[in-house]
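In: The sequence and its predicted three-dimensional model are supplied below.
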Amino acid sequence: MASQVSSSTQPAGASLAAPRAPLTFQELLFQLQSFWAGRGCILEQPYDVEVGAGTMSPETFLRVLDSQPFSVAYPQPSRRPADGRYGENPNRLFKHTQYQVILKPPPANVLEIYLESLAAIGINLRRHDLKFEEDNWESPTLGAWGIGWQVMLDGLEITQFTYFQQCGGIDLDPICAEITYGLERIAAFLQDVDSVYDIVWTRVPLLGAAASESSAAGAANASSAMREITYSQVRHLEEVQFSAYNFEYADVEMLWEHLRLYERECGQLLAGMERPGEAQDAAEMRKQPILPAYDLCLKCSHLFNLLDARGAISVTERVGVIARIRALAVGVAKAYARMAPAVQPATT
Amino acid sequence: MPDLLLELGMEEIPARMIAAAEAELARRVSDLLTRECLAPLDFAQGEGRDATAAVVSFSSPRRLAVLARGVLSRQPDREEQLTGPPWKAAFRDGEPAPAALAFAKKVGVEVAALQRISTAKGEYVSATVARPGRAAAEVLADLLPKEIAALSWPKTMYWRARKPERFVRPLRWLLCLLDAAVLPIEFAGIRAANQSYGHRILHGDSPVDVRRPADYLSQLNSAFVMADPAARRHRIRKALDAAVRGVPGARWREDEALVEQVTHLTEWPAVVRGDFEPEYLALPEEVLVTVMRDHQKYFAVDDAQGKLAPHFLAVLNTEADAEGLAIIRHGNERVLRARFNDARFFWNYDQKTPLAARIDQLKTVTFQKNLGSYFDKSQINLRTAQAFAAAVAAHGVSLDREALERSALLAKADLTTELVKEFTELQGVIGGLYARAQGLGDTVAAAISAQYLPASMDDPIPLTAEGQILGLADRMATIVEMFSIGLEPSGSKDPFALRRAANGVIKILAESSLPLTLTEVQRLAEQQSERAPRDQEGGAVSAFLADRLNFYLREVRGWDYDVVNAVLAAGVTTVPDAIARAQALTEVRGTDDMLAISIAFKRIKNILRQAREQDAAAAVGEIVDGDLVEQAERRLHAETRDRSPQVETLRARHDYAQALECVAALRPAVDEFFDAVMVMAPEAHLRRNRLALIASVLGNFSRIADFSEIAPMRAESRSPEQASR
């Protein structure tokens, strides 16, 4: 519809170059990847443990704790069981994709660089309305908070920008900037579709029977005939099945049991690392199972979200469980903060 | 005389903080110039482009600025008198002791130049020190950074390594000019220059070289920044008017708070009109307007009949060509459609589970961790509402008690709906809409819908008696339960907004016709709570409620503090009765007779107090007619005996104006008594009898108000601290 609007208001022949088609979902990811790679970011893979947000990946949660300069960017599928809608709601997903950038320390022109990234994904800011509106972020489960904005483009929140102040209950120094793009939202905006399921994920060549059929039907150029793969084709089934699992099938007793087991193991690892006063050499410090402990903590967090979506957490339990998981997260953060200075040469 | 310009360039400041910060910066600079003798005599502070003011200020999301016109380029030379050690310690036998030498060295004068001065505390050494005026540039470069650092912000952050300073957002540039010269101030690692920056998109990253302070506004204007918020506000209002003109007869819904908000979200405002499909008008207007105003910061549009029209106005922070505007309009329409779709989805989804079926779900929604869930909260609200209803019914007020009980049980059920999770500000309202849609009847729907009214002192109270009782029950149950677990407000801390809850209680009692007293609602509420201590008159809750009533009478009704104290000291039955008494007392308080009465009553109180201090039983006992020896005391006794039933009759009829006139008419007898009679007579029996007489005057006539509280002069101010000065 945007293209209709623009073509109707554009004088005929004003534009010589054919307007570029909006980015597909995967092109959007490519563009952001190459943009931030060009700004000195390490490109990481999504973390392969269930998380609710890109912030929870150890690439953010733990790396922000030490004093070493560090810039990283990665997409992160983010699971929020309670947000599942069986694939029926056009804007709400059990699993959405965040694109996460951490800049430590942030350059003085960090906001200008962010605006360049918007240009890189095909947004001509001269023809859009952009506002930075106050929005401070807080995660009680992670003992983390920061100051920042939601970035509004033509009334749509496309990015959360946060200057981290505290993480795992630890005051941060240096401060880092976190930029979190909501990829589905941005793609739907760029492609001007009203449902995330209509987003074009990619275009692939027509193959075999379909190609010859289309060729036989007189398609303009059979060799370049392309087929659109939509977000729905790639992900709809997953939304339906996980919504059903999260709301109906998940075995509450089993989930509690998992939670207890993961919590216990994480707690044991953390207890083993608390050896105050006992001097350790750098190699010993590096060997501590901090990252595995954090994985266990993430497992607990995801199980909590599942139980919550299942409506299985009572009033009295809820606050208590959050506190238990925060205790794990804070324990991991402390262990990491103790280790980091001792093994610094290896992390630079 | 040069002009001073200071601009702080920041990453986007939260809109809600800008106006106050701009004003504070202007005040700080103005005070600094005055304090440092750099301000001309006729220095005045104004806002924006006020041509008469010497100090004007500007702001936008990315900047705060102050322009001071005609500051002195140099401080005048001054002499300062410094006081040192006591003379005795500094000079022994005329010879300077170490103390004198040290003082002379410290202040930089010869010992011979030290003087002897006399003070109230004795003789001291003194020195006259020349303070040559410093150049404005030097003084300001020293002191301006301190003023910047001292700005107060509701929420601050660190951003630099090793965290040297906290500020609202990272500081990115400083512009500081004294005429054409840069003042080299420094803050947060940024050195001032003569450069500012324009609109992020329309002007881009290249700096604006500001030639001199007077050119600031026009140069920024060329860089697509209207730095004067008043000018932006004006432009936004004009643009809203223009944008709505495309729809015949339509008007944008006035919303001052929203105008203010978008003024502080833009540097170069424009307005675009968008439309939405009329089918969405089937959703409740409350939901549509909340989505537009609170979530999207759009202005709603009314049609010629004043009904919500399928249009909205978005305030932009840019200037775009026709194609750009079409894209922006389309984008905003798309977002709104998605939001409305969400709301419709939630509405339909919520209907699958009627409110009644949600009561059990409230068990999983925490009210307060020690007080349990909203299920528990609904139960105590129900009991409390039932108790209030019974009390009200006993006074003959007719009520739909079944509907009230139903609404108390269902009132919190909307907390489990998707729509309220999405639009928390619509709690209650959504419940009311669902109740109506689910056929629960108008009485139930209205009570649920209005349960959070009044949210502020400007809000109306619920219209129906059932709604009023539900609102009272909810708030009183919260107050007594929170107090019982030690969560009462203290100082500026009131995390559960109990003051606001109590203000709501007072306002409902004041403006409804419910025949309930404050004491009664407290007692009944405490009886329904398993935690609250009982019979706590004079306890923390009643003191808290009394304080809120005092606040209401003074701040909302606007009565003088002494009138309010006088009325409250005489005891409170119902809130409307206290209001009627305060009203009547305010009308007569200025009369000579009433002032004389209040002085006399004060005197009576003092005498009785002193007498009691000497002898606890002094003023107890009957008046013995035979011991009334003086004409004046017989007269006072007779008048008291005659008038007190009259006053009582009038008081019982709530005819306080007449009653107070009757009290005021006591004045001649009272005056004569104090002129002619000595209360503390040497004869014990006369003294005892006279004390009993004045005690009976006080007792009989202090039931409407404690007149001794009335300040002798009509207080200009409502605060006792100021009035006593």
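Out: Cool, the structure landed. Numbers count the residues shown, from 1 in each chain, chains lettered A, B, ... in the order given.
In: which residues of the stretch 1-150 of chain B fall in helices?
Out: Assigned helices in the stretch 1-150 of chain B, in chain order: B:15-35, B:87-90, B:98-107, B:136-150 (criterion: DSSP state H, counting those that start in this stretch).
In: do you know which of those lies nearest chain A?
Out: In terms of CB to the nearest CB, the element of the helices of the stretch 1-150 of chain B nearest to chain A is helix B:15-35, at 6.8 Å. Where C-beta positions appear, they are placed from N, C-alpha and C, glycine not excepted.
In: Quick one: list the elements packing against that closest one.
Out: Of the remaining helices and strands, those touching helix B:15-35 by 3 or more CB pairs under 8 Å, 6 or more residues apart in numbering or on different chains; DSSP states H and E are strand A:130-134, strand B:4-10, strand B:55-60, strand B:63-68, helix B:136-150, helix B:229-244, helix B:256-263.
In: I'd like to check the angle between it and strand B:55-60, please.
Out: 160 degrees (axes from the mean of the first three to the mean of the last three CA atoms, to 10 degrees).
In: Would you mind extracting the C-alpha trace of helix B:15-35 into PDB?
Out: Once non-C-alpha atoms are left out, helix B:15-35 reads as follows in PDB (Å, rounded to 0.1, in the frame of the first residue of the first chain):
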ATOM      1  CA  ALA B  15      10.100  15.000  27.400                       C
ATOM      2  CA  ARG B  16       8.600  15.100  30.900                       C
ATOM      3  CA  MET B  17      11.700  16.600  32.400                       C
ATOM      4  CA  ILE B  18      12.500  19.300  29.900                       C
ATOM      5  CA  ALA B  19      10.300  22.200  31.100                       C
ATOM      6  CA  ALA B  20      11.500  22.000  34.700                       C
ATOM      7  CA  ALA B  21      15.100  21.600  33.700                       C
ATOM      8  CA  GLU B  22      15.000  24.700  31.400                       C
ATOM      9  CA  ALA B  23      13.400  26.800  34.200                       C
ATOM     10  CA  GLU B  24      16.000  25.500  36.700                       C
ATOM     11  CA  LEU B  25      18.900  26.300  34.400                       C
ATOM     12  CA  ALA B  26      17.600  29.800  33.800                       C
ATOM     13  CA  ARG B  27      17.100  30.400  37.500                       C
ATOM     14  CA  ARG B  28      20.600  29.100  38.300                       C
ATOM     15  CA  VAL B  29      22.300  31.300  35.700                       C
ATOM     16  CA  SER B  30      20.200  34.300  36.800                       C
ATOM     17  CA  ASP B  31      21.000  33.700  40.500                       C
ATOM     18  CA  LEU B  32      24.700  33.200  39.700                       C
ATOM     19  CA  LEU B  33      24.900  36.500  37.800                       C
ATOM     20  CA  THR B  34      23.200  38.400  40.600                       C
ATOM     21  CA  ARG B  35      25.300  36.700  43.300                       C
END
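In: pull the helix or strand with minimum mean pLDDT from chain B.
Out: The weakest-scoring helix or strand in chain B, judged by mean pLDDT, DSSP states H and E, is helix B:720-723 (a mean of 38).
In: For B:Asp577, grab the count of nearby residues.
Out: 17 (other CB atoms under 10 Å in any protein chain shown).
In: That one sits in which helix or strand?
Out: Using DSSP states H and E, B:Asp577 maps to helix B:575-588.
In: Please name every helix or strand in contact with that helix.
Out: Under the contact criterion of 3+ CB pairs under 8 Å, 6+ apart, helix B:575-588 touches helix B:498-511, helix B:561-569, helix B:656-664.
In: contacting residues for A:Cys300?
Out: A:Leu259, A:Tyr262, A:Glu263, A:Cys266, A:Arg324, A:Ile325, A:Leu328 (CB atoms under 8 Å, 6 or more residues apart in numbering or on different chains).
In: quick one: which of those residues sit in helices?
Out: A:Leu259, A:Tyr262, A:Glu263, A:Cys266, A:Arg324, A:Ile325, A:Leu328 (DSSP state H).
In: Could you dump the helices and strands packed on helix B:15-35 into TSV and include distance to B:Ala282 and mean neighbour count?
Out: Output for the helices and strands packed on helix B:15-35, formatted as TSV (distance: least, CB to CB, whole Å; neighbours: other CB atoms under 10 Å in any protein chain shown):
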stretch	distance to B:Ala282	mean neighbour count
strand A:130-134	30	20
strand B:4-10	44	25
strand B:55-60	40	26
strand B:63-68	45	25
helix B:136-150	53	18
helix B:229-244	23	18
helix B:256-263	25	17
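In: what residue ranges in the chain score low on pLDDT?
Out: Because you didn't say which chain, this covers chain A. A:1-19, A:209-224, A:275-279, A:314-316, A:344-348 (pLDDT under 70).
In: You answered for a different chain; I wanted chain B.
Out: Checking chain B against pLDDT under 70 turns up B:41-53, B:534-538, B:616-620, B:713-725.
In: Pick out the residue closest to the middle of it.
Out: Residue closest to the mean C-alpha point of chain B, counted by CA atoms, centre = their mean, is B:Glu555 at 9.7 Å.
In: Helix, strand or coil: sort out the nearest residue to that one once chain neighbours are set aside for me.
Out: Setting aside the residues directly before and after it, B:Glu555 is nearest to B:Met457 in space (CB to CB, 6 or more residues apart in numbering or on different chains), at 7.7 Å. Applying DSSP: H, G, I helix; E, B strand; the rest coil to B:Met457 yields a three-state assignment of coil.
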